[in-house]
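Asker: Build me a model from this:
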Amino acid sequence: MQMEQSFLTTFAYAKINLALAIQGIREDGYHELQSVMQSIALHDVVRVRRHGEKVVCRCGALSGPGNIAHKAAVLFLEQLGQFEGLEIEIEKRIPVQAGLAGGSADAAATLRLLNQIYREPLSREELLMLARRCGADVAFCLKGGTMWATGRGEQLKPLPLAPTMDLVLTKPFAGVNTREAYRRFDLVGQGGLLVEADWEEALTQKSTRQVANLLYNDFELASAQMVPEILMLKRHLLEAECYGALMSGSGSSVFGIAQGKQHAQEVAGQLRKKGFKNVWVTRTVDAIDERGDICGEAIITGNPRWV
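Answerer: Numbering: from 1, shown residues only. Have a look, this model is predicted:
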């Protein structure tokens with residue numbers, strides 16, 4: 001019988017897609033993607049401990065074996081040849097069906113915590129292999145920062161770190177089902193092409209305006225058919241003089257690149273006055289280390305509506 005353990009806690013950082021192009025359908029039925037993925041400060045809080053005789057995941061309405069963090073924990077134990085109980089508690093702050101990889105971030109955070117709890121039995125590369133088995137975005141959420149992603153989004157190549165950008169993030173009440181977004185894209189969409197060299201240059205220059213000029217998402221029109229508010233929010237952000245605005249992933253969240261923190265707070269206030277309830281002020285963050293900290297700075301605490 002195992003001893004009672006205390007919880008180990010970390011943050012699970014959301015991601016946005018600064019660009020996303022759909023290249024077509026592969027032989028395995030998945031879509032081939034190109035994307036520029038970026039970590040942001042908005043986060044869930046994930047706690048894990050060894051406890052009981054089975055894996056239990058508590059996450060409000062998203063509790064149970066269907067949660068991707070539960071799947072990550074089971075895969076981790078199988079890799080170690082361990083069969084014992086774990087308790088996972090997730091405090092959700094990242095909205096769901098938003099294109100922000102909240103579930104993937106929780107799974108990545110769970111893998112990080114488990115590797116600490118079991119005294120680092122898996123190398124970084126072994127953890128990444130497990131992450132890829134959990135889902136397309138989990139590997140990115142394990143690494144964080146600014147990445148060029150291909151394949152289903154799981155093949156990652158580091159890009160120069162993005163400049164710190166203040167963001168206004170907002171989400172319509174309705175979410176977007178990713179599978180349905182792909183289906184609609186296949187009916188009406190014409191896939192685009194990202195130029196990696198253009199992103200390398202903009203990021204090397206640390207130019208927020210250049211980054212804003214390159215924002216691109218093939219899903220936007222398909223998802224806006226389901227949730228028309230997406231384009232309305234994008235228009236509001238651009239009219240409020242954000243450098244650029246874009247839907248993230250398959251939606252339904254939309255972000256605007258603000259001119260600074262003060263401007264971000266002002267734009268968020270304008271959106272709230274117009275009746276939009278799901279509004280966050282956040283910012284981009286750099287790569288995430290093995291302990292879940294943002295590389296090069298102390299871990300952030302507090303409510304992520306602020307950051």
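
Asker: Nearest residue to Leu114 in space, ignoring adjacent ones along the chain?
Answerer: Phe76 (4.8 Å; C-beta to C-beta, 6 or more residues apart in numbering). To be clear about C-beta, it is placed using only N, CA and C from the backbone, and glycine gets the same treatment.

Asker: Test for you: state the pLDDT assigned to the one you found.
Answerer: As predicted, Phe76 sits at a pLDDT of 98.

Asker: How about Thr164?
Answerer: 96.

Asker: In terms of helices and strands, where is it?
Answerer: According to DSSP states H and E, Thr164 maps onto no helix or strand at all.

Asker: what's the spacing between Leu80 and Ser35?
Answerer: 32 Å (C-beta to C-beta, to the nearest Å).

Asker: Can you show me the strands along the stretch 151-300 of the chain?
Answerer: With strands called from DSSP state E, counting those that start in this stretch, the stretch 151-300 of the chain shows them at 155-158, 166-170, 216-217, 244-247, 254-257, 279-283.

Asker: Take the ones you listed and write them to TSV, including distance to Arg209.
Answerer: Shown next, in TSV, are those (distance: least, C-beta to C-beta, whole Å):
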stretch	distance to Arg209
strand 155-158	23
strand 166-170	14
strand 216-217	15
strand 244-247	8
strand 254-257	9
strand 279-283	16
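
Asker: re earlier: out of Leu80 and Ser35, which sits in the more crowded spot?
Answerer: More crowded of Leu80 and Ser35, by other C-beta atoms under 10 Å: Ser35, with 26 against 14.

Asker: Could you give the bridge partners of the more buried one?
Answerer: Judged by DSSP bridges, the bridge partners of Ser35 are Leu20, Ala149.

Asker: can I assume His43 sits in a strand?
Answerer: Yes - applying DSSP: H, G, I helix; E, B strand; the rest coil, one finds His43 inside a strand.

Asker: excluding its backbone neighbours, what's nearest it?
Answerer: Leaving aside its chain neighbours, His43 sits nearest to Phe11 (4.2 Å; criterion: C-beta to C-beta, 6+ apart).

Asker: What about Gly29, how many residues nearby?
Answerer: When neighbours are counted by other C-beta under 10 Å, Gly29 registers 6.

Asker: Let me know the distance separating it from Met247.
Answerer: As judged by C-beta to C-beta, Gly29 and Met247 stand 24 Å apart.

Asker: Packing partners of the lengthiest helix in the chain?
Answerer: Determined from DSSP state H, the single longest helix within the chain is helix 102-117. If contacts are counted by 3 or more C-beta pairs under 8 Å, 6 or more residues apart in numbering; DSSP states H and E, helix 102-117 sits against strand 8-25, strand 31-50, helix 68-80, strand 86-91, helix 124-134, helix 138-143.

Asker: which helices and strands does the last one pack with?
Answerer: Read it as helix 138-143. With contacts taken as 3+ C-beta pairs under 8 Å, 6+ apart, helix 138-143 sits against strand 8-25, helix 102-117, helix 124-134, strand 155-158.

Asker: what do you get for the longest one?
Answerer: Helices and strands touching strand 31-50, by 3+ C-beta pairs under 8 Å, 6+ apart, are strand 8-25, strand 86-91, helix 102-117, strand 146-151, strand 166-170, strand 279-283.

Asker: now do the fourth one
Answerer: On a contact count with 3+ C-beta pairs under 8 Å, 6+ apart, strand 86-91 meets strand 31-50, strand 55-58, helix 68-80, helix 102-117.
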